[in-house]
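Undergrad: could you work out the structure for the sequence below:
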Amino acid sequence: MLRITPEQAATTIQKNVRGFLARRKYGIKHLSKDQQDSYPAFVVGNDPVMPASLDKYNEPTKKIALIGTSGMRVVSIACKLGNPKNIPKIILIDNSKEVYEFWYAMREFVKDDIKAATEQLFLKNLPSFLGSHIHLYRDLPDDCYASEAPPGVKYLNQNIHTYFIALIKKYGYDYVRSVICHTSLIKQSWADSSVFVKVKNILSYLGIDKIYMYPSNIAACIDNAQIRTQVLENISKTNPILSIHTDCCSVHGFPEKVYLLENNNPAYVSNTIFSPSTCKPKHNHVDLNEFIFLLRMLQNSLNTEQDIDVKFLSEKIIKKF
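TA: Numbering: from 1, shown residues only. Here you go, the predicted model:
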């Protein structure tokens, strides 16, 4: 029979207690696959081009954290707000299984020295990577948002290869690569308050006190007022230096305004992002690019037997009529 001393027993108990307390303070529970939504990633992102005033929020020396969502737009924002001396820490929170899987695959691809050690290797192998993961993202026409853009609003070219060429040219490949590799991925909802408490605990432990948030148009797209308020309260309690919100035009169905908010009071944010639209309604308006994309996704899933939620896609297509 194994005998342990009182001192050993006490050490074991203390170790277990410390582990329990650490999990309670820092441990984040991810959504299981069946709890996640099916929502292919906007890789470049359908938010408008960020305003020039975002430049003034750059941190030239310290390490920053950017809590964001969706595809690769968060990378360009992190590069702009942070600096190469202390690589920005992106914490990507999203409840879409496709967004998570695309990000995970992209991070592993960029880490692979054989395929992405240099800018030349990365750009050479990017088309093959995108072709292998096309079921995880929206393969959009290059200028699909430009034709619908209201006066003065600009959108990025949706060509993913073009996006990365411009991003690398502006910030340098090593910086961009490091930001992507340094990203942490969380399969969760922005409405889960415990996630943001623990994320803030983790950032405090890491000594990162400059926090920015990029919820994009999450709040603007939530119909349930209670859930929307919870999302905005989670952002407010995280106490970011700046939160970057976008709206969702009720006419065109995609963002047209960017809001750089230092005041994260939920009521203030809500009143701001739900300001009246200046767009004139169009009868029987259908986003043709979105419709074609969904049809293409459904056809691919049936032809290739990819793990796509066919029922979800079919329902979305029907709603377009």
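
Undergrad: surely residue 194 is in a strand?
TA: No - Residue 194: not assigned to a strand; according to DSSP: H, G, I helix; E, B strand; the rest coil it is helix.

Undergrad: distance of the most centrally placed residue in the chain from residue 38?
TA: Nearest to the geometric centre of the chain sits residue 69, at 1.7 Å (CA atoms, centre = their mean). Using CB to CB, to the nearest Å, residue 69 is found at 16 Å from residue 38. The way it works is simple: take the backbone N, C-alpha and C, and place the C-beta from them, glycine included.

Undergrad: which residue is the nearest non-sequential neighbour of the residue nearest to the centre of the chain?
TA: Excluding the flanking residues, the one nearest residue 69 by CB to CB, 6 or more residues apart in numbering is residue 94, at 5.0 Å.

Undergrad: and residue 146, by the same measure?
TA: residue 155 (5.9 Å).

Undergrad: in the chain, which spans are helices?
TA: For the chain, the helices defined by DSSP state H cover 6-26, 73-81, 97-111, 113-116, 119-132, 160-171, 173-181, 193-205, 225-238, 266-273, 288-304, 310-319.

Undergrad: who does the fifth one touch, helix- and strand-wise?
TA: By that I understand helix 119-132. helix 97-111, helix 113-116, helix 160-171, helix 173-181 (3 or more CB pairs under 8 Å, 6 or more residues apart in numbering; DSSP states H and E).

Undergrad: may I ask you to confirm that the residue nearest to the centre of the chain is in contact with residue 219?
TA: No - with contacts counted by CB atoms under 8 Å, residue 69 stays clear of residue 219, the gap being 11.0 Å.

Undergrad: run through the protein and note the low-pLDDT ranges.
TA: The model of the chain has pLDDT under 70 over residues 1-24, 276-321.

Undergrad: now do the same contact list for residue 231.
TA: 190, 191, 215, 218, 219, 222 (CB atoms under 8 Å, 6 or more residues apart in numbering).

Undergrad: try 7 Å
TA: Residues near residue 231 by CB atoms under 7 Å, 6 or more residues apart in numbering: 190, 191, 218, 219, 222.
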